[in-house]
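>>> need a structure here:
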Amino acid sequence: RRTLIVSVTEKATPKPSDSTPSEQGDTPAAQPAHKLLQRVDIPADADWSKVQLSYADGLLTAKVPRKARGEEEEEFGEKARAAAAEVKERAGRVAALRAELEEERRRSMEAQRALHQARAEFVRAVAEERRELSIEA
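Purely as a prediction, here's the structure:
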């Protein structure tokens, strides 16, 4: 549901009087201003593009027609199709990111294996060099 908020303010007007300001020496008292604030719940199927407001003889009239059943279903169908397309697009992006993540994991593991092998070769080379030094000495 939506809410229609109507706010109406009527300006103060001079109070009608039999005497004129010049007869009494001052201006007649003014009638107080009037203010109205009204909230009205509007059905969810209201067609906001066709709202009509009119004011006549102190009466504010708001006409809020409802959407035709087919229009509402068509609008819902369009929204559902758009949402489904967005879901499909995002699912595709998620699948692509998962594949990219798996590829990065594979490359990281290969780099870790290469680092481990390089360390092992370095340790062997240092050990071999020590043996050669101890043989020569």
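>>> helices and strands of the protein: which one has the lowest mean pLDDT?
Sorting the helices and strands of the chain by mean pLDDT, DSSP states H and E puts helix 21-24 at the bottom, at a mean of 51.
>>> just checking, what's the longest helix in the protein?
When the chain is scanned for its longest helix (criterion: DSSP state H), the result is helix 69-136.
>>> From the chain's centroid, how far away is that helix?
32 Å (CA atoms, centre = their mean, to the nearest Å).
>>> One more: stretch 64-82?
With CA atoms, centre = their mean, you get 21 Å for stretch 64-82.
>>> So what touches it?
For stretch 64-82, contacts defined as CB atoms under 8 Å, 6 or more residues apart in numbering pick out 4, 42-43, 45-48, 50-51. The way it works is simple: take the backbone N, C-alpha and C, and place the C-beta from them, glycine included.
>>> could you flag which of the residues you listed are buried?
residue 46 (16 or more other CB atoms under 10 Å).
>>> tell me which of the contacts of stretch 64-82 is nearest to residue 88?
residue 45 (28.3 Å; CB to CB).
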